[in-house]
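Q: Pasting the sequence and the predicted coordinates here, then a few questions.
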Amino acid sequence: MSEKKLVKPDYIFEVSWEVCNKVGGIYTVISTKAQGIQRDLHDNYILIGPDVWKETRENPDFTEDRSLLRGWRERAEADGLRFKIGRWNIKGNPIVILVDFTMFIPLKDKILAEFWEKYKLDSITGSWDYLEPMLFGYAAGRIIESYYNQNLTAEDKIVAQFHEWMTGSVFCI
């Protein structure tokens, strides 16, 4: 009998509408497991959520830290991505990237057309409760793609976990 070796990832990206945004049970799932994962991977555990608090003064779950991932952040911002980097105010204080996906609203028809052409993803009857999460998933995918292109290699072992249907469009990148 052969013995299988457990492979530990070098990086984990975890994407959810509920990162720093308490609306349901996924918030509890992620926030309670984050400390253990962060303890093992340190700052190679990166959570990605929507910047739904951008219109307010301050997100009570998030503390921005512009020194985190500074080199990558500056390049990604120069490439047109909009986001905040900081720490989630939970045990372990993992790194969080809060994505401003609204920049893709003017491009939504082009993005949806591409999803249809490539994957036959039907969005013709989708209203805003479909479009907003789809744009968030798309933006999260662009963030991961940018981080990978600037910081990682094919030799890095990477896990990306996407919660619920709201992040499914990340697979269309």
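A: Happy to help now that I have it.

Q: does the most centrally placed residue in the chain sit in a helix, a strand or a coil?
A: The centroid of the chain falls nearest to Ile48 when counting by C-alpha atoms, centre = their mean (2.9 Å). Following DSSP: H, G, I helix; E, B strand; the rest coil, Ile48 is assigned to strand.

Q: From the contact counts, what lies against the lowest-mean-pLDDT helix or strand in the chain?
A: Across the helices and strands of the chain, mean pLDDT, DSSP states H and E gives its lowest value to helix 108-119, namely a mean of 84. When contacts are defined as 3 or more C-beta pairs under 8 Å, 6 or more residues apart in numbering; DSSP states H and E, helix 108-119 packs onto helix 128-151. All C-beta spots, glycine's among them, are computed from the backbone N, C-alpha and C.

Q: contacts for the helix it packs on?
A: 13, 15, 17, 46, 48, 50, 69, 71-72, 75-76, 79, 81, 83, 97, 99-105, 108, 111-112, 123, 126, 158, 160, 162, 165-173 (C-beta atoms under 8 Å, 6 or more residues apart in numbering).

Q: thinking again about what came up before, what comes up buried for the least confident helix or strand of the chain?
A: By neighbour count with 16 or more other C-beta atoms under 10 Å, helix 108-119 contains the buried residues Lys108, Ile111, Leu112, Phe115.

Q: what pairs with Ile95 across the strands?
A: Per DSSP bridges, residues listed as beta-bridge partners of Ile95: Ile46, Arg87.

Q: what's Cys20 in contact with, if anything?
A: Here Cys20 is in contact with Leu47, Gly49, Trp53, Asn59, Asp61, Phe62, Trp88, Val96, Leu98 (C-beta under 8 Å, 6+ apart).

Q: Next one: it from Asp156, what distance?
A: 26 Å (C-beta to C-beta, to the nearest Å).

Q: and what of Gly168?
A: Relative to Asp156, and taking C-beta to C-beta, Gly168 is found at 24 Å.

Q: try Arg82
A: For Arg82, the distance to Asp156 - C-beta to C-beta - is 25 Å.

Q: the more surrounded of those two?
A: Neighbours around Arg82 and Asp156, counted as other C-beta atoms under 10 Å, are more numerous at Arg82. The numbers are 17 against 12.

Q: Surely that one touches Met103?
A: Yes. Using C-beta atoms under 8 Å as the test, Arg82 is close enough to Met103 to be in contact (5.3 Å).

Q: OK, contacts around the nearest residue to Val23 once chain neighbours are set aside?
A: Distances taken as C-beta to C-beta, 6 or more residues apart in numbering put Trp17 closest to Val23, at 7.2 Å, once the chain neighbours are dropped. By C-beta under 8 Å, 6+ apart, Trp17 lies in contact with Val23, Ile26, Gly49, Pro50, Pro133, Phe136, His163, Glu164, Met166, Thr167.
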